[in-house]
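1. just need the structure, nothing else, for what follows:
(2 chains)
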Amino acid sequence: QQQVKQSPQSLIVQKGGIPIINCAYENTAFDYFPWYQQFPGKGPALLIAIRPDVSEKKEGRFTISFNKSAKQFSLHIMDSQPGDSATYFCAATKRNTGFQKLVFGTGTRLLVSP
Amino acid sequence: DGGITQSPKYLFRKEGQNVTLSCEQNLNHDAMYWYRQDPGQGLRLIYYSQIVNDFQKGDIAEGYSVSREKKESFPLTVTSAQKNPTAFYLCASSFSTGHAPQHFGDGTRLSIL
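-> Numbering: from 1, shown residues only, chains lettered A, B, ... in the order given. Reported below is the predicted structural model:
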């Protein structure tokens, strides 16, 4: 029940395309779903996050779509650029006083070709 | 600049040796975390600490130990009991309220000689 399943494992798109990364979870107690972006040799950085009371959230070219009934959420990158080439992780957590235990997906390696 | 500093960037361990990875933060965060990252896998939680002098085991604590003597520091020791220590180790920190985001350091890559 603690798993977050992420797909695809890798993704190649052309510049300007819209890569979509999908995640599914089982634990209905999860109430916060962040996405992290990681470049080679660096630590992950928070990209965007969503709570289950909204169906969509946009920040710049990044959009999260959330389907509570299906227990799925996805990341869309509009007008993708070569600089977006990185590994993306979805995660989930439930409110827990004083501590945030993130459960991570296995990651998606995105390559945006020029 | 505020942030999380992990050192060293690369570390090599001999058989039977304990090694310690450093993590320092100047973000005034209460909570600190250690994760292990392996190729094709997500991040897995090793240990976490919510306050000074207190820490809890995560999902894969066997073969690891930590201390939290100062708010800014959370070193991780990889002991000889950890039979497969080769991995990328990430330290993170956050405030302890609600869903405060976790901020990550740039990691330490540990390899076996």
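2. going forward, measure contacts between C-alpha atoms and count neighbours the same way
-> Will do.
3. which residues does the most centrally placed residue in chain B contact?
-> The centroid of chain B falls nearest to B:W34 when counting by Cα atoms, centre = their mean (2.9 Å). Contacts for B:W34 (Cα atoms under 8 Å, 6 or more residues apart in numbering or on different chains) come out as B:L45, B:I46, B:Y47, B:Y48, B:L76, B:Y89, B:L90, B:C91, B:A92.
4. try 10 Å
-> Contacts for B:W34 (Cα atoms under 10 Å, 6 or more residues apart in numbering or on different chains) come out as B:23, B:43-49, B:58, B:61, B:66, B:74-76, B:89-93, B:104, B:107.
5. for B:D106, same thing?
-> Per Cα under 10 Å, 6+ apart, neighbours of B:D106: A:38-45, B:4-7, B:9, B:88-92.
6. from these, which land in helices?
-> The helices, defined by DSSP state H, take in nothing from the contacts of B:D106.
7. now go through those residues and say which are in strands.
-> Per DSSP state E, strands hold the following members of these: A:Q38, A:A45, B:I4, B:T5, B:Q6, B:S7, B:F88, B:Y89, B:L90, B:C91, B:A92.
8. can you read off the pLDDT for the second one?
-> Looking at A:A45, its pLDDT stands at 95.
9. same check on the first one?
-> For A:Q38, the pLDDT comes out at 96.
10. tell me what it is bridged to.
-> Under DSSP bridges, the beta-bridge partners of A:Q38 are A:T87.
11. cool, the fifth one as well?
-> Beta bridges link B:Q6 to B:C23, judged by DSSP bridges.
12. my guess is it contacts B:L21, does it?
-> Yes. When contacts are counted by Cα atoms under 10 Å, B:Q6 is listed as touching B:L21 (7.4 Å).
13. between those two, what contacts are shared?
-> By Cα under 10 Å, 6+ apart, the residues touching both B:Q6 and B:L21 are B:P75, B:Y89, B:L90, B:C91, B:G107, B:T108.
14. ok so, going back, now, which of the ones in strands among the contacts of B:D106 sits nearest A:S85?
-> A:Q38 (9.2 Å; Cα to Cα).
15. how close does the closest one get to B:S73?
-> From A:Q38 across to B:S73, the span is 23 Å (Cα to Cα, to the nearest Å).
16. B:A92 now?
-> Counting by Cα to Cα, the gap from B:A92 to B:S73 is 11 Å.
17. doesn't A:F62 make contact with A:Y36?
-> No. A:Y36 is beyond contact range of A:F62, at 11.6 Å (criterion: Cα under 10 Å).
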